[in-house]
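*Asks:* model the following, please.
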Amino acid sequence: MKQILIWSDNDLERQITGEILSAGLDEVQILHADGAEQALATLEKGGVDLFVADIPQFSLAKCNVITSAQNLAPDSPILVISSGEQEHVSRNIWRLGVRDYLLKPCRPAWILAAAKALMGKNSGSAPQPEADDSRRKRYLNRLMEQLRGFQYKKCIQTTREYLDLLYRDGDNVEAIRNEVVDFAAGIAELGAPFGQAVQWKLNRCLEQFRVRFDRQGRKYESYLTLETMLDMMFEAMEESNFYEVEGGQKILNFIDRNVRKGLSLDEAAEYASMSSCYFSKFFKKLTGQNYIAYVTDGKIELAKQMLLDTDMPVINISYELSYGETNYFSKAFKRKVGVTPTEFRERNRKAGDQSSGC
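*Replies:* Numbering: from 1, shown residues only. Prediction:
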């Protein structure tokens, strides 16, 4: 039986948190501490699998308690729950070296997801395979090379490929969450050469993702976070004179980053500082496709992703991809794929059920 220690000066908060954890987790013993000395004494005895620290507002005394807890029980993961402002909380969390925190008000499901993830990470029965760590590094190295080549579309494809492998091969939700967060942290580190402002944005995005345990378990939501982080770096590269990029690649990056927005040929031509007529010929020579076909292909790939990885209604997907009418989107999809969006989703889900033995 695993032990969870809850430290809070507020009796009601401590009781509510304990009830959430005991009701949502199997075989756990909830230990309560209404003061710092009691919490540290319990940690010193050992055997605590998770230390939940309810800290409404950070102070020097509260920070000292967390530091002492880390020294007394270095193997016990810490989850901080706070009602402070995110910037203030995240700054203190970073200084203390605590990885996981939640901001109030937080849903019971978030508390449970956080507890499961932290105790799963700390469990000796299911260590992360070395192969997973090696795979993550391999994909991050590939991303680094593609960033250096200013290849946005390849970065997106690499990110999707990694998530596809992770969610397909993994059946442990907590392990997947941990792996996704580690991959996002790796992407944030790739932003180091772009300056402090970009690094701050990346770290802020990472921290927001780190505390949203509900998002980490959903493949498409994880993808959107990673895509946002990549967009931050490409935007920084485009604005910097340090990175000299061949004009055609820069134009493709702009189009690929704005596929969802229904970027018109005229808008793309304006970005390229060309007339629409000349740009159309230039683009066909550059890619071997006409502009409309290229953008449509990009939209259909995004549509496939949303159909497979979300329960979003087809009408919402069509609006998400800037199609004015759902019927027009369905016809465009069928021309490219051979079936309607609804048929595509149903066929692939049936295939998935059969392969899993359902």
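*Asks:* report the contact partners of residue 290.
*Replies:* 280, 283, 284 (CB atoms under 8 Å, 6 or more residues apart in numbering). For every residue, glycine as well, the C-beta is placed using N, CA and C.
*Asks:* avg pLDDT for stretch 285-297?
*Replies:* Stretch 285-297 comes out with an average pLDDT of 94.
*Asks:* check the burial of the spatially closest residue to residue 187 that is not a sequence neighbour by counting its neighbours.
*Replies:* Residue nearest to residue 187 in three dimensions, not counting chain neighbours: residue 229, with 5.0 Å by CB to CB, 6 or more residues apart in numbering. Residue 229: 21 surrounding residues under other CB atoms under 10 Å.
*Asks:* what's the spacing between the helix or strand hosting residue 17 and its chain's center?
*Replies:* Residue 17 belongs to helix 11-24 when assigned by DSSP states H and E. Average the C-alpha atoms of helix 11-24, do the same for its chain, and the two points are 28 Å apart (CA atoms, centre = their mean, to the nearest Å).
*Asks:* buried stuff in that helix?
*Replies:* In terms of neighbour count (16 or more other CB atoms under 10 Å), helix 11-24 has its buried residues at 13, 14, 16, 17, 18, 20, 21.
*Asks:* ok, so of those, who is nearest residue 254?
*Replies:* Among the buried residues of helix 11-24, residue 20 lies closest to residue 254 (CB to CB), at 46.7 Å.
*Asks:* phi, psi for the nearest residue in space to that closest one that is not next to it in sequence please.
*Replies:* Of all residues not flanking residue 20 in the chain, residue 108 sits nearest, at 4.6 Å (CB to CB, 6+ apart). Dihedral pair for residue 108: phi -50, psi -40, per degrees, to the nearest 10.
*Asks:* from residue 311, how far out is residue 334?
*Replies:* 21 Å (CB to CB, to the nearest Å).
*Asks:* higher neighbour count, those two?
*Replies:* residue 334 (14 against 10).
*Asks:* which strand or helix spans that one?
*Replies:* Using DSSP H and E, residue 334 falls within helix 326-337.
*Asks:* who does that helix touch, helix- and strand-wise?
*Replies:* Packing partners of helix 326-337 (3 or more CB pairs under 8 Å, 6 or more residues apart in numbering; DSSP states H and E): helix 291-309, helix 314-320, helix 341-355.
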